[in-house]
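Student: Predicted model and sequence below, questions to follow.
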Amino acid sequence: MEQILQKISGIKKVDSRFMKSLAFIFFCLVLSACNDSKPNSSSQVSAQASDQTHFSIKDSIGITIIEVVEPFLNSSKVERYVLFKKVQGKPKGIKADVFIELPIERIGVNSTTHLGYLKALGKEDKIVAASNTELFYDKGFQKRIQEGRVTQLGNRSMNTELVIESELDVLFTFAIDAASYSAVERLRALGQPVILISEFMESDPLEKAQWLKVFAAFFDETTEQKANAHLQKVQQRYDSIKNISMLSSFLPKVAIGLPWKGTWYVSGGESYQAKLINDASARYIWKDHEQSASVPLDIETAISKGMQADFWINPGRLATAQDVKNSNTVFEQFSSFKNQTIYTNYKRSNKLGANDYWEMGVVRPDLILSDLFSIFHHNASDSLNFYQSIFE
């Protein structure tokens, strides 16, 4: 069996969690063949990452130039970062928003996804400062925080004085709008080496994972090779799962999200979540909203359509059937509630709200897709990585 799975996935070694998921996928492949299932011709064959990511990396005369295009929604800004080795000295005649002297030893982060990338590279120990520290899931990182080896930079906003006192070689952060970008500019005006990471702008799961290359560029060639090897394996696994899922003749309807104060904010039809659902050979019920940003729907409209969905995923922090009932009694009339097909992506989370889906998941979209395929085409409740049924 393992040899067959290796041929399907195109890799020599498979981790245990992926092996379990792929074992089921192989079973579905055999079952589909026995039932003469027809491929889903409406799905795309490949999940190849395109060249449309919001960054580019170029090596030029001993320096590395990183450019970030549209770092936040509707921004016309192009950020440029120049990385150079200390022995070479700061290059002259080159314009950049930030110059970074390599090697770096002291890193600050402002998002759980940043830890996900750095841990994939084996560089998480270089993080000495972070904001919203309670939201990080990784137990090793939480231990370092508790031991005082990671400075808390603030919660809702970063404390400028603490950022300066941390003496960082680089601060990875993000801007969601012009106001938050102004805060970045103020830090830079104070001499702080601030780099914008805009992986949240990517609507393709594989392109989101590609930001691993940006983090790797701040280290050595070996780290860059590690990033490339990781991404190649992830893409091979993702493509294998997607291509096998296309053999399913059943395309379930999927709802997502949870209403908030009378409004149901749903992922747009061209969003990251919509892409994952489509690649798992399912029909996203709000796919007609052709945008990548979230879409606000009045609750009556959303409930009317959501009630007919075969599956409901990512219902916020609603972790049990009783939570769903308490939220709104009308949810008991949903097909997904009656058929017990509601799944939360909080399997790997803690009481403080930290969720590995937005930490490790950012560099392992293959595991997320494996979960969704297992859910939509097997209604699985075991061997899932990030998901679990609320009825367990």
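Tutor: Arrived safely, thanks for sending.
Student: before we move on, what SS does the spatially most central residue of the chain have?
Tutor: In the chain, the centroid-proximal residue (C-alpha atoms, centre = their mean) is V362; its distance is 3.0 Å. Secondary structure assignment for V362 (DSSP: H, G, I helix; E, B strand; the rest coil): helix.
Student: thought it was touching Y117?
Tutor: Yes - here V362 reaches Y117: they are 6.9 Å apart, a contact under C-beta atoms under 8 Å. The C-beta positions use only the backbone N, C-alpha and C, and glycine is treated the same way.
Student: Show me the common contact partners of these two, please.
Tutor: Contact criterion C-beta atoms under 8 Å, 6 or more residues apart in numbering; residues shared by V362 and Y117: W211.
Student: Let me see the contact set for L369.
Tutor: Contacts of L369 by C-beta under 8 Å, 6+ apart are 205, 238, 241-242, 276, 279-280.
Student: what's the closest of these to P315?
Tutor: Nearest to P315 out of the contacts of L369 is L276 (C-beta to C-beta; 15.8 Å).
Student: sec struct for the closest one, please.
Tutor: Using three-state DSSP as the criterion, the local structure at L276 reads helix.
Student: do you know how far it is from S245?
Tutor: 11 Å (C-beta to C-beta, to the nearest Å).
Student: S60 and L297, how far apart?
Tutor: 48 Å.
Student: Of the two, which one has the most company?
Tutor: L297 (20 against 10; other C-beta atoms under 10 Å).
Student: Need phi/psi at that one.
Tutor: phi -120, psi 140 (degrees, to the nearest 10).
Student: ditto for V254
Tutor: According to degrees, to the nearest 10, V254 has phi -130, psi 130.
Student: In contact with it, which residues?
Tutor: 277, 282-285, 309-313, 376.
Student: Give me the pLDDT value at it.
Tutor: V254 carries a pLDDT score of 98 in this model.
Student: Against Y265, how distant is it?
Tutor: Per C-beta to C-beta, V254 is found 16 Å from Y265.
Student: shaky segments in the stretch 1-150 of the chain?
Tutor: Residues of the stretch 1-150 of the chain meeting the criterion pLDDT under 70: 1-51.
Student: Let me see the ranges of the helices in it.
Tutor: Secondary structure of the stretch 1-150 of the chain (DSSP state H, counting those that start in this stretch): helices at 2-9, 16-34, 112-120, 139-146.
Student: Which residues does the very next helix or strand once past the last one contact?
Tutor: Once helix 139-146 ends, the next helix or strand along the chain (criterion: DSSP states H and E) is strand 151-152. Where contact means C-beta under 8 Å, 6+ apart, the residues beyond strand 151-152 that reach it are 128-131, 133, 145, 162, 165-166.
Student: who does strand 151-152 pair up with?
Tutor: If you go by DSSP bridges, strand 151-152 pairs up with strand 127-130 (parallel).
Student: quick one: contacts for the residue nearest to the centre of the chain?
Tutor: Contacts of V362 by C-beta under 8 Å, 6+ apart are 113, 116-117, 199, 208-209, 211.
Student: Looking at those residues, which one is closest to F55?
Tutor: W211 (6.9 Å).
Student: who are the neighbours in contact with the closest one?
Tutor: Residues near W211 by C-beta under 8 Å, 6+ apart: 53, 55, 117, 197, 199, 202, 362.
Student: ok, it to T223 distance?
Tutor: In terms of C-beta to C-beta, W211 sits 14 Å off from T223.
Student: how about R348, phi and psi?
Tutor: Backbone geometry at R348, expressed as degrees, to the nearest 10, gives phi -100, psi 80.
Student: before we move on, back to that, separate out the buried members of the contacts of strand 151-152.
Tutor: 128-131, 133, 145, 166 (16 or more other C-beta atoms under 10 Å).
Student: Straight-line length of stretch 322-341, end to end?
Tutor: Terminal residues of stretch 322-341 are spaced 14 Å apart (C-alpha to C-alpha, to the nearest Å).
Student: cool, and stretch 299-314?
Tutor: End-to-end distance for stretch 299-314: 17 Å, by C-alpha to C-alpha.
Student: is it true that W264 touches L258?
Tutor: Yes - between W264 and L258 there is a contact at 7.3 Å, judged by C-beta under 8 Å.
Student: The two: which is more packed in?
Tutor: A direct count of neighbours by other C-beta under 10 Å for W264 and L258 places W264 higher, at 22 against 19.
Student: how near is W312 to E392?
Tutor: Taking C-beta to C-beta, one finds W312 at 15 Å from E392.
Student: Quick check on the two: which one has the bigger neighbour count.
Tutor: For W312 and E392, the more surrounded residue by other C-beta under 10 Å is W312, and the numbers stand at 28 against 13.
Student: Can you classify that one as helix, strand or coil?
Tutor: The three-state assignment at W312 reads strand, by three-state DSSP.
Student: Against E199, how distant is it?
Tutor: Using C-beta to C-beta, W312 is found at 26 Å from E199.
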